[in-house]
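Q: this one's structure only:
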């Protein structure tokens, strides 16, 4: 009888142990997985920031050369300073994010207006224009990858209110990414078509690299 009781006790202990462990394994990590299936915040943020910073820095580099080609020296100098700020990882990530976002957006508007005029046609201007093309293409090809990564991060942050509070700068930028990408794509096409119409070296290669964008 004692042996039977011991076996029953052991069985009950074992099943209880399994059920407790199964429950603990299924619990989500605090600040980790989102309730909306957005995934781990750090991993999702890393995917977005990697593409964003790489593409925006390339785009700003292209914009700086274009401003020089257009003899818009104040804008070129301001853009170079923004590049330095964004590259400096000692600066807060959120501030680097908003700086890059604002710089690319404002520069795109300025360049769009300047390139529609008869400008950047001298030999010196064409050399600077040519230097901008590889950066413009790389920046644009990276930029068009942003919308799904931005949405994934936004969904994840909306499911974790504490994380959203900590990443306030991200919450300001993420909803604007579709418009940002649309603007960058429009201006990117204009940069490449403008290079072709001016006979800038590398314009054909840039056109081919852009593909159907």
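A: Arrived safely. What you see is a predicted model; the values in this text were computed from it and never measured.
Q: show me where this structure dips below the pLDDT cut-off.
A: Applying pLDDT under 70 to the chain picks out residues 1-39.
Q: can you tell me the centre-most residue of this structure?
A: residue 52 (2.0 Å; Cα atoms, centre = their mean).
Q: thought that residue was touching residue 99?
A: No: Residue 52 is not in contact with residue 99 according to Cβ atoms under 8 Å; the separation is 11.8 Å. For glycine as for every other residue, the C-beta is placed from the backbone atoms N, C-alpha and C.
Q: returning to what we had before: so who does the residue nearest to the centre of the chain touch?
A: By Cβ atoms under 8 Å, 6 or more residues apart in numbering, the contact set of residue 52 is 97, 100, 146, 149.
Q: closest to residue 155 among the residues you listed?
A: Residue 155 lies nearest to residue 149 out of the contacts of residue 52, by Cβ to Cβ, at 10.9 Å.
Q: the closest one should be in a helix, yeah?
A: Yes: the assignment for residue 149 (DSSP: H, G, I helix; E, B strand; the rest coil) places it in a helix.
Q: now do the longest helix belonging to the chain: distance to the chain's middle.
A: In terms of residue count, the longest helix belonging to the chain (DSSP state H) is helix 41-69. Between the centre of helix 41-69 and the centre of its chain there are 6 Å (Cα atoms, centre = their mean, to the nearest Å).
Q: would you mark the buried spots in that helix?
A: 41, 44-45, 47-49, 51-53, 55-69 (16 or more other Cβ atoms under 10 Å).
Q: could you check the angle the very next helix or strand once past it makes with helix 41-69?
A: Using DSSP states H and E, the helix or strand that follows helix 41-69 towards the C-terminus is helix 73-87. Using axes from the mean of the first three to the mean of the last three Cα atoms, to 10 degrees, the inter-axis angle of helix 73-87 relative to helix 41-69 is 160 degrees.
Q: could you say what helices and strands helix 73-87 packs with?
A: Packing partners of helix 73-87 (3 or more Cβ pairs under 8 Å, 6 or more residues apart in numbering; DSSP states H and E): helix 41-69, helix 93-115.
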